[in-house]
Each structure stands twice: as structure tokens, then as C-alpha cells.
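>>> okay, sequence plus prediction incoming.
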Amino acid sequence: MENAEENKFHIFHGDHKINNLHSGEMMENICLQSETSHSGPHDGACKEENFPVDIEGYLVQQLSDRTEGIQNISQQEQIEGLDARVWEWSRGKEGNIRSLLSTLQYILWPESGWKQVPLVDIIEGPSVKKAYQKALLCLHPDKLQQKGASWNQKYIAEKVFDILQEAWEHFNSIGQF
């Protein structure tokens with residue numbers, strides 16, 4: 001059986017806080033607040049047909065919409081931070097697949113599955129290809145989904161994946177493989 005305290009609400013109406021109302025009392029108290037504090041063009045606005053049928057659902061949706069807006073702002077700031085990290089990692093290494101692969105551990109998270117590859121181990125073309133293929137396995141979106149990666153890990157992986165692909169194309173175009 002649910003605790004009666006769990007079914008109570010704290011809502012605001014104008015400048016008045018309406019505390020601990022059960023959903024059945026809520027509409028009546030909102031109307032009382034409205035009728036005692038306002039008169040004029042909104043007279044009769046508290047008729048039952050003017051309220052949403054599911055006031056609890058309505059309030060939850062309003063809160064959800066506000067929270068989502070806050071999260072979007074926060075997520076945008078996080079994306080900018082992640083972009084800065086990726087840019088800092090790749091700066092000066094554009095097109096240099098060996099340098100990117102040998103420093104990949106600095107941009108990836110510990111649970112990514114990437115094992116550090118020393119630069120001296122990827123001097124030869126075939127060893128570069130092998131390290132590149134291992135990196136793609138760690139960064140591939142399907143693998144990340146299987147591992148349950150967070151959205152920011154997926155975001156970093158996508159950016160790093162693109163950078164490595166460009167560097168690989170450059171590596172192949174100059175015939176080092």
C-alpha cells in the first residue's frame with residue numbers, strides 16, 4: 001500500500017505555494033487560490049473543464065520539459081568540453097596515424113578496451129594497419145553499444161573514429177603501407 005505522504009504535491013500558483021495536496025484536493029485548492037486572489041477577465045477560469053484531465057500527468061510533463069531544457073544546456077556545454085579535449089589530443093597530429101595511435105590512451109576512457117601501443121611498435125606498415133584495426137574495434141559504434149558506453153564516450157569515440165579514418169586515408173595515399 002502506498003504511503004499517503006508519497007502522493008502529496010508541492011506546487012506553486014502565482015506567488016503562493018500550495019503544500020502537500022492530494023491530487024483530489026489539488027484542483028479545488030488551485031481554484032480557491034485563484035478565486036480569492038484574482039478577479040476580472042479570468043473569472044470562471046477554474047471550471048473543471050478548463051483543467052487538464054490528468055493534472056498529475058500535466059505537472060510531471062511540465063517538470064520534465066523544464067528539466068530537459070536544463071539538461072540540453074548542460075549537454076551542450078559538455079559537448080563543447082569534449083570537442084576541446086579531442087581537438088587538444090589531435091592538434092599537431094593531423095594525418096599522422098602513428099602519432100594518433102600511440103597517444104590514443106590519452107583520449108579514451110579506461111574501460112574502452114584500448115591497450116597502449118608504443119610508437120616504436122608501429123614503425124612498419126603492417127603493424128600500423130594492425131593497430132589501426134584494433135582501434136576501430138574499440139571505437140566502432142556497434143561495439144560501444146554492446147559495452148553499454150555512455151553518450152559522452154560514444155561522442156568521443158565518434159570524433160576519434162573520424163580522425164583516425166582521415167589519418168588512415170592519408171597514410172594510404174602517400175604509400176606508406
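Right, received. Where do you want to start?
>>> surely Ala157 meets Asp142?
No - contact criterion Cβ atoms under 8 Å: Ala157 and Asp142 do not qualify, at 11.1 Å. The way it works is simple: take the backbone N, C-alpha and C, and place the C-beta from them, glycine included.
>>> the two: who's more crowded?
Ala157 (21 against 7; other Cβ atoms under 10 Å).
>>> next, the more buried one: secondary structure please.
helix (DSSP: H, G, I helix; E, B strand; the rest coil).
>>> residues in contact with it?
With contact set as Cβ atoms under 8 Å, 6 or more residues apart in numbering, Ala157 has these partners: 108, 112, 138-139, 141, 144, 149.
>>> need the max-distance pair from those.
The largest separation in the contacts of Ala157, counting by Cβ to Cβ, is between Leu108 and Pro141 at 14.6 Å.
>>> all strands of the protein, in order?
9-13, 16-21 (DSSP state E).
>>> what's the average pLDDT for the shortest one?
When pLDDT is averaged along strand 9-13, the result is 45.
>>> so where's this structure shaky on pLDDT?
For the chain, applying pLDDT under 70 flags the ranges 1-73, 176-177.
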